[in-house]
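>>> here's my sequence, what's the structure:
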Amino acid sequence: MSRSRGLWLVLAAALLSACAGAARREVAAQSRSLSRAVHRGDARATHAHVLPAAQPWVDDATLLGAQRRAWAKRLRRPVEITPRAGVLLTPELAAEASWTKDGWRFDADPSAAYAQDTPEHAIAALVRASRAGRWDVLLRLAPRRYRVGLSAEDLAAAWTEGEQAAALREARDRLARVIGDPVPHDDHDARLDLGDGHIVRLEREDGGWVVVDF
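As a prediction, this is how the structure comes out:
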């Protein structure tokens, strides 16, 4: 990380610290509100507390079933509340931060623009790499089974002069609009509904998350 970027992040952390108390109170209030919805067994009100992209993955049978009173109690009196925040360094590059006992701390070096350690980072890496012409990175972001016989030069041609170039760029721009949004996933697969019938799917491989379809 450059010295100027590092100084900027220190300043951002200082500014975030002023918001920490309010953030903790707001999260606590939302948790209590969700607790009441769960206690009532109100699926509609429960889903309203969850981001639209994650609502289809809410486990109603567990959360609102026989153990809903226990879940409501946990939500009403959580063991700890840790607010999180995102700082946009550019329209497509965000630095994530978490509140700790020592104040706000950034989770990772935001200059790692092509990270694949999470589905969210892999989506952002695809957008940035395609716009920067980093075809070698795009090749790495493809599933292993797609990389057989595929080269960075093939990808460059597909994105810049192939029959599907315009469609690829349009799909990339859809992805850009959801950078930073949480992506529902398990240990192996991730899926995010982009709306209008468009879905991005990812898989975890040894080297990190790869983009199967977008």
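
>>> how about the strands in the protein?
84-90, 93-100, 103-106, 189-195, 198-205, 208-213 (DSSP state E).

>>> tabulate the ones you listed (JSON lines), appending distance to residue 125 and mean pLDDT.
For the C-beta atoms, the positions are set from N, CA and C on the backbone; glycine is no exception. Listed next are the strands of the chain as JSON lines, based on distance: least, CB to CB, whole Å; pLDDT from 0 to 100:
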{"stretch": "strand 84-90", "distance to residue 125": "14", "mean pLDDT": "72"}
{"stretch": "strand 93-100", "distance to residue 125": "11", "mean pLDDT": "75"}
{"stretch": "strand 103-106", "distance to residue 125": "18", "mean pLDDT": "78"}
{"stretch": "strand 189-195", "distance to residue 125": "14", "mean pLDDT": "91"}
{"stretch": "strand 198-205", "distance to residue 125": "11", "mean pLDDT": "94"}
{"stretch": "strand 208-213", "distance to residue 125": "9", "mean pLDDT": "95"}
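
>>> so which of the ones you listed comes closest to residue 41?
Taking CB to CB, strand 189-195 is the member of the strands of the chain nearest to residue 41, at 25.9 Å.

>>> what is the closest one packed up against?
Under the contact criterion of 3 or more CB pairs under 8 Å, 6 or more residues apart in numbering; DSSP states H and E, strand 189-195 touches helix 119-132, strand 198-205.

>>> looking at the strands of the chain, spot the one closest to residue 136.
strand 208-213 (14.2 Å).

>>> what angle sits between the longest helix along the chain and strand 93-100?
Using DSSP state H, we find that the single longest helix of the chain is helix 20-40. Using axes from the mean of the first three to the mean of the last three CA atoms, to 10 degrees, the inter-axis angle of helix 20-40 relative to strand 93-100 is 80 degrees.

>>> gap between helix 20-40 and the chain center?
22 Å (CA atoms, centre = their mean, to the nearest Å).

>>> run the angle between that helix and strand 84-90 for me.
If you take the same axes, to 10 degrees, helix 20-40 sits at 120 degrees to strand 84-90.

>>> possible to save the helices and strands packed on strand 189-195 as CSV with distance to residue 107 and mean neighbour count?
Shown next, in CSV, are the helices and strands packed on strand 189-195 (distance: least, CB to CB, whole Å; neighbours: other CB atoms under 10 Å):
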stretch, distance to residue 107, mean neighbour count
helix 119-132, 11, 22
strand 198-205, 19, 18
